[in-house]
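Trainee: With the input below, show me the fold.
(4 chains)
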There are 2 protein chains.
Amino acid sequence: MSDDDQLWTPLRQGTVSDLIARRILEVIGSDRLRPGDRLPPERELAAMLGTSRPSLREALQALKARGWVDIRHGSGVFVADPATTRSLRDALLAEEVSLRELFDMREVLELPAAAWAAKNGEDRKLAAVQAAYEALMEAANAGSAADGLDWRRLQDLDAAFHLRIVEAAGNRFLARTQGVLQEILAAGMGTTLRLPGRLEKSRGEHARILAAVMSGNQVAARRAALTHINSARKAALSRLRGQGSRD
Amino acid sequence: MSDDDQLWTPLRQGTVSDLIARRILEVIGSDRLRPGDRLPPERELAAMLGTSRPSLREALQALKARGWVDIRHGSGVFVADPATTRSLRDALLAEEVSLRELFDMREVLELPAAAWAAKNGEDRKLAAVQAAYEALMEAANAGSAADGLDWRRLQDLDAAFHLRIVEAAGNRFLARTQGVLQEILAAGMGTTLRLPGRLEKSRGEHARILAAVMSGNQVAARRAALTHINSARKAALSRLRGQGSRD
DNA sequence: AGAGGTAAAGTGGCATGACCATTGTCGGCG
DNA sequence: CGCCGACAATGGTCATGCCACTTTACCTCT
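Mentor: Below you'll find the predicted structure:
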């Protein structure tokens, strides 16, 4: 009788709204939908799932109660920031954190992350790292001749590349912390990529990080990450000295 | 204009289903409805509240998601058992981040923190570390004979000791992150200090960490922190295996 | 040309009413 | 007396219609 519990596997188990909630959670958990993204409108989503709108709404209310989604009247249903992200952001909001502290923190987070990603990174997540790298490269090469680069976009892609690595490390708390760190860093200072020579240097450093992570070399990954962070730190500080002249 | 925020007291705030959920929680919280009791049938309850059944159902689904009620098809809606509520909460927390991730994160944060505190810790903050250590010791020794220890308080003091060290490291971002991590750790699992022998072992480890930090020995501080975290991790995992027996 | 307001489209919020599925009970039948 | 079947109670699902809030785009006035 030991196995009989699961012998007659139920056609489906649970109510429709439970199934829907689980399904949506699955999508969110698989990173196909990220915090801040909007879900399809209730009417469309219900149709896609082959259910009625009331059932879908019950599922959404349940997800909302557990903090997974954020429902805004008139605008849509959005994937919510995880509780850890929220509380960390709130805790740091009032606090003044210096650039030195932020870059030190990058070291604390990204060095182990690079090593773990190299050691245990799942194929799917490593592929995401590779994709982020290529997107960044493409954007950097795009208008280099005409100087028509979209700096804002470059900054986002740069951040995304580093975030993908941290996500590949397989520690959700670490990834969320890194996310908040990047937010603050981006808000506090613009990108340093437009400093003379910075873009090119950064390109090579990124390549080394990517190569080390993909080849599974933990030590090289740590070293490459450290080199990059120190280089970025130096650029940030020198930019700070020449501040005010730039936008 | 300081009070104007609440001057125009809102007619009602929030959606109907939220209001209903709050209302039901109120009733449950006031002991007018005890665990195991049945709520009125949906149709009646909706009529009593002056709302529609779908709205009521959305509220019930939200309460069910948070473990407050237990809905049984065909028989009724019942106030959930507190025990059930707690195990559900544990499951939800586990869904968020696993214990492994949390302890890995402790390593990421506390090792550099211990080293930095040893290297650069300001006297004032190091004194706070010392004070936290002594408070913890005193509390641990207090009722050891009568076994009248206040475990909750011990857990807080333990967390405070580690937090003081991270604060002495001089990085506010790091300190905030550690704070959030401790909150989650405390909410997800109680203390492991009451496991046989754990209190004594922890005592020695704390002493070594303190000594290393105060003497400015970075390497020893890192090593002592690592030893302690691994030891705590092992205790947490063994507690997990013997779960259910405890409150 | 810019700033302001206003209308329309998109989207969630709520209500009504009907019917289905499961559970529990009660009464009839063997 | 016990078993079984029907029925009543109750949650589960659906379809439909309309209301309320947000956002956007366009239009008007300055």
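Trainee: Can the helix ranked longest in chain A be said to contact chain B?
Mentor: Counting residues, the longest helix in chain A under DSSP state H turns out to be helix A:218-241. No. Against chain B, helix A:218-241 shows no contacts by CB under 8 Å from any CB of the partner chain, the least distance being 12.6 Å. (Each C-beta comes from the backbone N, C-alpha and C, glycine too.)
Trainee: all strands of chain A, in order?
Mentor: Assigned by DSSP state E, the strands in chain A fall at A:69-72, A:76-79.
Trainee: and the ones you listed, which is most packed in?
Mentor: strand A:76-79 (a mean of 18; mean count of other CB atoms under 10 Å in any protein chain shown).
Trainee: Pull the residues that contact that strand.
Mentor: Applying CB atoms under 8 Å, 6 or more residues apart in numbering or on different chains, the contact partners of strand A:76-79 are A:28, A:33-39, A:41-42, A:60, A:68-72.
Trainee: Pull out the buried residues from the residues you listed.
Mentor: A:28, A:33, A:35, A:39, A:42, A:60, A:68-71 (16 or more other CB atoms under 10 Å in any protein chain shown).
Trainee: Distance from stretch A:22-40 to the middle of the chain?
Mentor: For stretch A:22-40, the gap between its own C-alpha mean and the chain's C-alpha mean amounts to 13 Å (CA atoms, centre = their mean, to the nearest Å).
Trainee: wait, does that stretch contact DNA strand D?
Mentor: No. Remark: stretch A:22-40 sits outside contact range of DNA strand D, by CB under 7 Å from any atom of the strand, the gap being at least 10.8 Å.
Trainee: Next, give phi and psi for whichever residue of chain A sits closest to DNA strand D.
Mentor: As assessed by CB to the nearest atom of the strand, DNA strand D sits closest to residue A:74 within chain A, at 2.4 Å. Phi and psi for residue A:74, reported as degrees, to the nearest 10, are phi 90, psi -20.
Trainee: burial of it, as a residue count?
Mentor: Per other CB atoms under 10 Å in any protein chain shown, the neighbour tally for residue A:74 reads 4.
Trainee: For residue A:239, which non-adjacent residue is spatially closest?
Mentor: Excluding the flanking residues, the one nearest residue A:239 by CB to CB, 6 or more residues apart in numbering or on different chains is residue A:192, at 5.1 Å.
Trainee: Can you read off the pLDDT for the one you found?
Mentor: Residue A:192 is assigned a pLDDT of 75 by the prediction.
Trainee: any idea how far the residue nearest in space to the middle of chain A is from residue B:52?
Mentor: Centroid-nearest residue in chain A: residue A:163, 4.8 Å away (criterion: CA atoms, centre = their mean). Remark: distance between residue A:163 and residue B:52 (CB to CB, to the nearest Å) = 44 Å.
Trainee: near chain B, which residues of chain A show up?
Mentor: Going by CB under 8 Å from any CB, the residues of chain A near chain B are A:15, A:17, A:21, A:54, A:57-59, A:61-66, A:73, A:82-84, A:87-88, A:91-92, A:95-97, A:101-102, A:104-105, A:107-109, A:112, A:170-174, A:177, A:181, A:184.
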